[in-house]
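In: Need the 3D shape of this:
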Amino acid sequence: MAYDIDALKEDLPNSIALAQFVYTKTQVALDLTGKPKEEQYQVAKNALEGKKVPAEYLTNENPFVDKKDEIPVDELKKLPPRNEDLPEKGSHVHFFGATNIPHPDDPQSDRKVQINFYKYNNGLITYEIMGPLEQVAIGQKMNKYGQSIPEKFSWLDPRTPEVICRRPDGTYTDHGRRLQIFCDGEKGAGIWRMIDKDMTAFNAQNITDPWN
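Out: Next up is the predicted model:
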């Protein structure tokens, strides 16, 4: 069945009504809030006609659920931009990913973080904590059904931009030195040697054609 955009605009004047109509007809949940008005109706038309819908317009949220009944979730922190003084992204000569580093926000627990180390040609070593993200409940309140629910959800978010661990002159930042000592020790499984590889020696061992 074909749908007319002008008719949709007349019958469904806002994004909530439009999303509810599409959901009723197709069971496809659309996230239309904040999207350009013309795009909303074109995407809705595509969904109604069984055509492809861009991934950024799809959601798992039922448009008939009252947002007031939902538990609010804090926004994720915004990471600062990568330091412009660092070498070009992707120009590292060695990479090592570790998953055994204690969580910086909860170091006494069993939580670990995923951290990437990058070594550059000038000896610079950096690290970047990738995650994981973990949702945590904050506070308690009673909902309208008499059930105890969290006041909100927040995030345990260890992510960082790319940060200097060791400078080209061989000196370490405070956190960099702590990481180096940990990774060099028993609890860090001695992985520092895998992070700070001598790339000249490493490459020399793998040369098979001295002329190219």
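In: quick one, domains of the chain?
Out: 5-65, 94-204 (automatic domain parsing).
In: pretty sure A98 belongs to a strand, no?
Out: Yes - counting by DSSP: H, G, I helix; E, B strand; the rest coil, A98 is located in a strand.
In: quick one: contacts for it?
Out: With contact taken as C-beta atoms under 8 Å, 6 or more residues apart in numbering, A98 is in contact with 114-117, 183, 191, 195. To be clear about C-beta, it is placed using only N, CA and C from the backbone, and glycine gets the same treatment.
In: Including mean pLDDT, could the domains of the chain go into a markdown table?
Out: Formatted as a markdown table, the domains of the chain follow (pLDDT from 0 to 100):
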| stretch | mean pLDDT |
| --- | --- |
| domain 5-65 | 89 |
| domain 94-204 | 90 |
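In: Which one of these lies nearest to L79?
Out: Closest approach to L79 among these (C-beta to C-beta): domain 94-204, 5.1 Å.
In: in the protein, which spans are strands?
Out: Per DSSP state E, the chain carries strands over the ranges 94-102, 112-119, 125-131, 134-138, 141-142, 148-149, 152-156, 163-166.
In: Which strands border the first one, and is each parallel or antiparallel?
Out: Looking at strand 94-102 with DSSP bridges, its paired strands and their directions are strand 112-119 (antiparallel).
In: Just the residues contacting the strand it pairs with, thanks.
Out: 92-104, 125-132, 158, 162, 165, 195-197, 199.
In: Tell me the buried residues in that strand?
Out: 113-115, 117-119 (16 or more other C-beta atoms under 10 Å).
In: what angle sits between it and strand 125-131?
Out: Counting by axes from the mean of the first three to the mean of the last three C-alpha atoms, to 10 degrees, strand 112-119 lies at 150 degrees to strand 125-131.
In: Could I get the CA-only coordinates of strand 112-119 as PDB?
Out: In PDB, the C-alpha atoms belonging to strand 112-119 read as follows (Å, rounded to 0.1, in the frame of the first residue of the first chain):
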ATOM      1  CA  LYS A 112      38.800  -4.800  34.600                       C
ATOM      2  CA  VAL A 113      39.100  -2.400  31.700                       C
ATOM      3  CA  GLN A 114      40.000  -2.900  28.000                       C
ATOM      4  CA  ILE A 115      42.900  -0.700  27.300                       C
ATOM      5  CA  ASN A 116      44.900  -0.100  24.100                       C
ATOM      6  CA  PHE A 117      48.500   0.800  24.100                       C
ATOM      7  CA  TYR A 118      50.200   2.500  21.100                       C
ATOM      8  CA  LYS A 119      53.900   2.800  20.500                       C
END
